[in-house]
Each structure stands twice: as structure tokens, then as C-alpha cells.
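J.: The amino acid sequence is not available; the structure is as follows:
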DNA sequence: GACGTAATCATTAAAAAAGATGATTTTTTA
DNA sequence: TAAAAAATCATCTTTTTTAATGATTACGTC
């Protein structure tokens, strides 16, 4: 039986590249592509692919959110995360929200086929490069708590401690505590570095 | 006479997508692709394509630097910038360094062909979306001066005013002045927002 | 139900950044 | 070369952040 594939990516060159790579595989059935989350969801109301290749960055919502939604609506569907970024935070987030695997956009045809064949069986697939990135003993960015992340986002928006404390209904010293934890966990020494690093990691 | 095309992009899916899009165009001659700046330069020692499609983000050096180098070595070569990002700062930078046009990775086949046919004649090409982005009266990010940019980078690295003043051999008040200009030009109210915005714009 | 972590708040002090104004000297550029 | 823009420095004030310590409460997990 054929494996049906659907791709969600806003870059036409990428979807076309994938189509071109996979078109001669007799085991695969190309169902088309969507360029945003909304049209992906519409498509899924009418069709049911076996595997979705899903970009992490979409114009209307993040691939991570879309992944979550799709997985709730169609739990049996296998989702493969797709991105140019090889970053623990993003990858982990994607996997936590239901993706079964993760491949980079510089993956070879062989990697892509292996990924598809792996997730279709319900197993987890990471490409080689992703694995080696995951192994790196990166700082503790992933360990930041819910509250710390809220504070981080507000800092990035330019709010001062006083403003944050108002917005979150907590005291200024508390905001300060979170702020200090963030500096520690990110291993940086001030706000500028914090935002820089968080930005690089795609957290803001 | 055929137009020979060469692509520099580290994402295999993208180069494959472009190849697939262009393969049936009789007027074009596909010369292959490189996945990094170094192999692009090696290739150019042996061959001379008419047009290069060049990604802005390469693993070994930025497309902007590569663009500059290639243009110095082979002035007659037409370079088309290629990126997922539609940002004035990057686009302007690329064009200033010798690119003749700029297309996004979600460009259609028609756009791509038009871009190639335009730059081969020595004319400038912007895709529709790029043009509309350029028209937007974005802040004054592009107008930051050399010195301001230096200061910006050091701020992003986490240096304090005192440290920056030492590094650049200027007084602390001067650093402060630059810092304040940066806040103004970026239309932000503190360091956190500054770094966030600069990061989004790909300046750091 | 004990334990660890997260989240909360407090106090005090030092360091750094931001805001306001003004002024001089280079550099660029029209 | 004259005007405009950039880079430099100064003073002073206010706001904000960072640091150092300590402590209580809430919550989920084993």
C-alpha cells in the first residue's frame, strides 16, 4: 500500500524540491501541498494523508501550534517537522507537540525517505545532524519555567520590571527573581545578551 | 544562446526545487549547485555561469560577503539574491554588494524566470513582495552609522558602556550618545527591545 | 505525605542605562 | 568649499537593572 504525503511549507521552492525528490518513488503518493496553516487544516477536512511534512515557520501560525492542532484532530497522522534551524528548543517543542520526527531542509533524498518510512511505523526519527545537535550539552534554556518564559517575552517587548509586575499581578521583587534566573539559565550577564541569545534560539 | 544558471544554497530541497522548476526551460542551462561559499568560489574558477542564484545565509560566510567577492572577481556575472527573509536591511545590503535582483523562496516559476531574464540584461529585478516591503516607510534602521553599528554589536555581546568605551577608545558619554541614537533610530525604548529588533532585522 | 521545584515576596545597595542639554571637532557630501 | 551629518565629550538627574541573601507558600510527583 502506498504512503500518502502532504507538505506544508510557505516556500514554493521547498515544496517543489520535495515533490521533485519524491516523485519517482512508487511507494509514495503525493497529495499536494499547502502554504499556510489555514489551508492545511482545510485540506485535512477532506483528505487524510499518512504523513505530513510540516515547516516550523508558517505565515499565519507557528508550525508548532499547527502540529498540536492537527495531532489532536487526527491522532493517527504522522507529522515530520521540517526546518532550516537546528535548534534544540524548537525541535523539542515540535516533538512535544506531537511530531514524530524532524528533518532539516538540507536533508538528502535518502534521509527524507528514511524519515518517512520510520514515522509511518510510529517510530521516532531524527536526522543525523539533528541528533548531533541534540547531544550537545547546551545550557539550560530548555529548563526555563512557564513563568520565566512569560517574563522573558515581556522583557523582550521592552517592559520594565514595574510594568511586568503589573501585567502579571506579581510584585517587583518577584519579577526580579525571575529575571535573575533567566540570566543564570541562559548563562549571560545582562539583558542585552539575554535577548540576543533567546532570539537566536527562536524563543522570542 | 542559452542562459547558464548556477545556484548557491545550503538547503538541498531548495536547490532541487529550483532545478525542478527550471529543468524544462529550453533557454536555460543548469550548471549545478554549491552548498557553501567555498565550493561556489572553486566552481567559478573553472566555469562561468551567466546568472547565480545566491542564498543570503550560507554556512561558511554570509551571502552578502560572497556576493561582494564574486562581483569583484567576475564583474559581468549577474547575481540574484535569494532568501526567505523580506527585510529591507538585508536586501539593501545585498544590492549594495553587487546583486542585481532579489527573489524570495516562495517565488513562483514565473517570477523566477522573469528575474533571470531581467538581470541577464543587466537590469535590476525585485519580486513583487520585495518591492512592497521596500516601499514601506520602515524606521531608520538602514541609516545607522558605522560607529553606531559597532556599538550595537558590542551591546549585543553584553558589554557595558564602560567596556565599550575602552574597546573603542572613546569616552563613556560618547558611547551613551550612540546608544541613545540607536534607541531613537530603532524606535525602541530600551536595550531589550533594541536587541530584539536588531536581531529580527538580521543585524546582529 | 514527604520532597523538590516553582513561584512568590522582602530589604538593601551598587552598577548601569536612560533622559535632557549643550557644545566641539571631524568627515562626508552636495 | 560650504553645509550637513557623524563622532566626540561633558554634566547632571532619574530610572532601571543587577547583586546578595533570606524566606514563605503552592504544587506536582514518587
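T.: Okay, I see it. Values in this document were obtained by computation on a predicted structure and should not be read as measured data. Numbering: from 1, shown residues only, chains lettered A, B, ... in the order given.

J.: tell me the mean pLDDT over stretch A:161-173?
T.: Stretch A:161-173 carries an average pLDDT of 93.

J.: Oops, could you answer that again for stretch A:41-60 instead?
T.: 91.

J.: buried sites along it?
T.: Within stretch A:41-60, the residues scored as buried using 16 or more other CB atoms under 10 Å in any protein chain shown are A:41, A:43-44, A:49-58. In this view, the C-beta of every residue, glycine as well, is placed from N, C-alpha and C.

J.: Measure how far the strand or helix carrying residue A:102 is from the centre of its chain, please.
T.: Per DSSP states H and E: residue A:102 is located in strand A:101-104. Strand A:101-104 has its C-alpha centroid displaced from the chain centroid by 10 Å (CA atoms, centre = their mean, to the nearest Å).

J.: Next: stretch A:182-189.
T.: The chain centre lies 23 Å from the centre of stretch A:182-189; the measure is CA atoms, centre = their mean.

J.: cool, and stretch A:85-101?
T.: Using CA atoms, centre = their mean, the mean C-alpha position of stretch A:85-101 is found 5 Å from that of the whole chain.

J.: Endpoint to endpoint, it covers what distance?
T.: Stretch A:85-101 stretches 14 Å from its first residue to its last (CA to CA, to the nearest Å).

J.: And chain A, what are its domain boundaries?
T.: For chain A, automatic domain parsing gives the domain ranges A:3-135, A:141-200.

J.: ok, back up a step: quick one: mean pLDDT for the strand holding residue A:102?
T.: On average, strand A:101-104 scores 88.

J.: counting contacts, what elements does that strand pack onto?
T.: Other helices and strands packing on strand A:101-104, by 3 or more CB pairs under 8 Å, 6 or more residues apart in numbering or on different chains; DSSP states H and E, are strand A:78-83, helix A:88-96, helix A:109-119, strand A:125-126, helix A:128-135.

J.: Just the buried positions in it, please.
T.: For strand A:101-104, the neighbour count (16+ other CB under 10 Å) marks A:101, A:102, A:103, A:104 as buried.

J.: and residue A:143, how many neighbours?
T.: The local packing of residue A:143 (other CB atoms under 10 Å in any protein chain shown) involves 9 other residues.

J.: Residue A:145 versus the residue lying closest to it once chain neighbours are set aside, what's the distance?
T.: Spatially, and ignoring its direct neighbours in sequence, residue A:143 is nearest to residue A:185 (6.4 Å; CB to CB, 6 or more residues apart in numbering or on different chains). In this view, residue A:185 and residue A:145 are 9 Å apart by CB to CB, to the nearest Å.

J.: Comparing those two, which residue is more hemmed in?
T.: Set residue A:185 next to residue A:145 and count neighbours by other CB under 10 Å: residue A:185 wins out with 18 against 12.

J.: can you pull the pLDDT of the more buried one?
T.: Listed pLDDT for residue A:185 reads 88.

J.: I'd say residue A:174 and residue A:165 touch.
T.: Yes. Using CB atoms under 8 Å, residue A:174 is in contact with residue A:165, at 7.0 Å.
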